[in-house]
Each structure stands twice: as C-alpha cells, then as structure tokens.
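Participant: Structure for the following, please:
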Amino acid sequence: MLVHVSRDAGNDIIPGSSFIVFDVLLGLALFFTSCTYFSALFSKSIVRMMTWFALIISSWIYCISFLLLVGHQNGGNPPFSLCLCQAGLIYAAPASIAAACLAFVVEVYLRLTTFMTQTLIDNRIITSLLFLPAVTHQVVFWIAMLVSWNL
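Facilitator: This next block holds a predicted model:
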C-alpha cells in the first residue's frame, strides 16, 4: 500500500494525513451516491434506467472496498482475512464499474435505436445486461483470491 507522509511548517512528520483525506473523499462519494440513489428510487417523477442503478451500486462497492481498512491504516497489521478480502474487492471494483458503464452505454444505445426506428425494446436484453457487472465482479474477485492464496 502506498504511504504518503506530509510535513508541516515545523518539519514534524504527520503520518497518514493522505489516508484521512482519501477516506473522507470516499465517504463523501458514498454519501452522495446514496443520496442520488435513494432520491431516484423513492421519487415517483424520476425515472431511471435499470443499468443506471447497477452503475450506482457498483460505485458503492468501489467506495466500500476501500473503506474496509478505516482505522487500520496507521497502526499495526490488520487481520489477514480482512486484507485478503479487501484485496479481492479492490481488484474487482474497477472492472465492475467498467462493466456497469458498458451496460449503461449499451442500454442507452438500444433505447435510442428503438426510439429512432419506432420499435419496441426487448426487456430480456436489458435484464441480461444487469448481470454483466455482477459476473465481472465475481470473476475478478475470485481470480484475485486464487492468486493471493497461491502466493
């Protein structure tokens, strides 16, 4: 893990200040994506695509995967099982977000195409797109676990 150490005006080393900033930014991202998700979920006038919700949930997983080690970043070693689980989640989260973005873009394309051609969209295609982020996350997570166990 990359450790950044900053110095104040008196040249005293302040360890972990970058961890605090990183954790606060991830916490804010989690809070604001949660606010966005729940406002769209409970509002009757806001209609969102299914893959948009998958993208927000993938963003939650990304934030949570980095926030698992809050409180263990400056002291001794955290439990090995926590590190192993977080490593798998950290490797899988960007791939999951990329897959969710791909699913979102494909759904936008399909909806625009069906609008322009005045045809109906097959909801089975949209439903199958929802599995793409989850399957991608699981594959990358378990590959990271297998590689970690074999080292």
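Participant: Tell me where this protein is predicted with low confidence.
Facilitator: 1-17, 151 (pLDDT under 70).
Participant: what's the residue closest to the geometric middle of it?
Facilitator: Centroid check for the chain by CA atoms, centre = their mean gives residue 62 as the closest residue, at 2.4 Å.
Participant: next one: phi and psi at that residue?
Facilitator: The phi/psi pair for residue 62 (degrees, to the nearest 10) reads phi -60, psi -50.
Participant: isn't it right up against residue 100?
Facilitator: No: counting by CB atoms under 8 Å, no contact exists between residue 62 and residue 100, whose distance comes to 9.9 Å. From N, CA and C alone the C-beta is placed, and that goes for glycine too.
Participant: if I read this right, residue 49 contacts residue 108, doesn't it?
Facilitator: Yes: using CB under 8 Å, residue 49 is in contact with residue 108, at 7.5 Å.
Participant: Pick out whichever of these two has more residues nearby.
Facilitator: Per other CB atoms under 10 Å, whichever of residue 49 and residue 108 has more neighbours is residue 49, with 16 against 13.
Participant: For the residue lying closest to residue 96 once chain neighbours are set aside, give me its contacts.
Facilitator: In this structure, residue 96 finds its nearest non-sequential neighbour in residue 137, 3.9 Å apart by CB to CB, 6 or more residues apart in numbering. Counting by CB atoms under 8 Å, 6 or more residues apart in numbering, residue 137 touches 58, 61, 92, 93, 95, 96, 99.
Participant: What is the burial count for residue 115?
Facilitator: Counted with other CB under 10 Å, the burial measure for residue 115 works out to 10 neighbours.
Participant: Check which helix or strand it maps to.
Facilitator: Residue 115 is located in helix 80-117, with elements delineated by DSSP states H and E.
Participant: So residue 110 versus residue 67, what's the distance?
Facilitator: In this view, residue 110 and residue 67 are 34 Å apart by CB to CB, to the nearest Å.
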